[in-house]
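J.: Provided below for reference: sequence and predicted model.
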Amino acid sequence: MPLIPRPDANPAALRAALVRLAPSRLKEFDRRLVEASTKAQTNQSLGPLWLFCRSWDQFIEVERHPDIARRQAELLAMVNEGHPNTREAASEISRILARADTRLGR
């Protein structure tokens, strides 16, 4: 069962969800939001903001499910450490992210 309801896919709602689910990532979120906003202004395109919201929406969708988030963290550690099963870990990470996208209606 999810920890919190699914937030809307906008910076304010995503940030509020992040406060509850992964407060250690707030500085990164804020930094990347500034980067995306700057790119959007420079390029005169909403694309960078759309990508920003999409990636954080996906992250939060995984984090809403503690067991899945823990498993993904284990898999990411395996990949980062060069574990012998890195390829299988990367494949499982891809499946986790694809399921998150499916739950988000993508």
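T.: Yes, it's here.
J.: what residue of this structure is the furthest out?
T.: Going by Cα atoms, centre = their mean, the residue of the chain most distant from its centre is residue 84, 25.6 Å out.
J.: which of the helices or strands spans the spatially most central residue of the chain?
T.: Per Cα atoms, centre = their mean, the C-alpha nearest to the average position across the chain is that of residue 59, at 1.9 Å. Following DSSP states H and E, one finds residue 59 within helix 47-63.
J.: and that helix, what does it pack onto?
T.: Where contact means 3 or more Cβ pairs under 8 Å, 6 or more residues apart in numbering; DSSP states H and E, helix 47-63 is packed against helix 11-21, helix 26-43, helix 66-80, helix 86-103. (C-beta placed from N, C-alpha, C; glycine too.)
J.: pick the most buried one from the ones you listed.
T.: Among the helices and strands packed on helix 47-63, helix 11-21 has the highest mean neighbour count (mean count of other Cβ atoms under 10 Å), at a mean of 17.
J.: reformat the helices and strands packed on helix 47-63 as TSV; add distance to residue 49 and mean pLDDT.
T.: What follows is the helices and strands packed on helix 47-63, written out as TSV (distance: least, Cβ to Cβ, whole Å; pLDDT from 0 to 100):
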stretch	distance to residue 49	mean pLDDT
helix 11-21	8	97
helix 26-43	5	98
helix 66-80	25	96
helix 86-103	18	95
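J.: in JSON lines: those helices, plus distance to residue 50.
T.: Formatted as JSON lines, the helices and strands packed on helix 47-63 follow (distance: least, Cβ to Cβ, whole Å):
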{"stretch": "helix 11-21", "distance to residue 50": "11"}
{"stretch": "helix 26-43", "distance to residue 50": "9"}
{"stretch": "helix 66-80", "distance to residue 50": "23"}
{"stretch": "helix 86-103", "distance to residue 50": "14"}
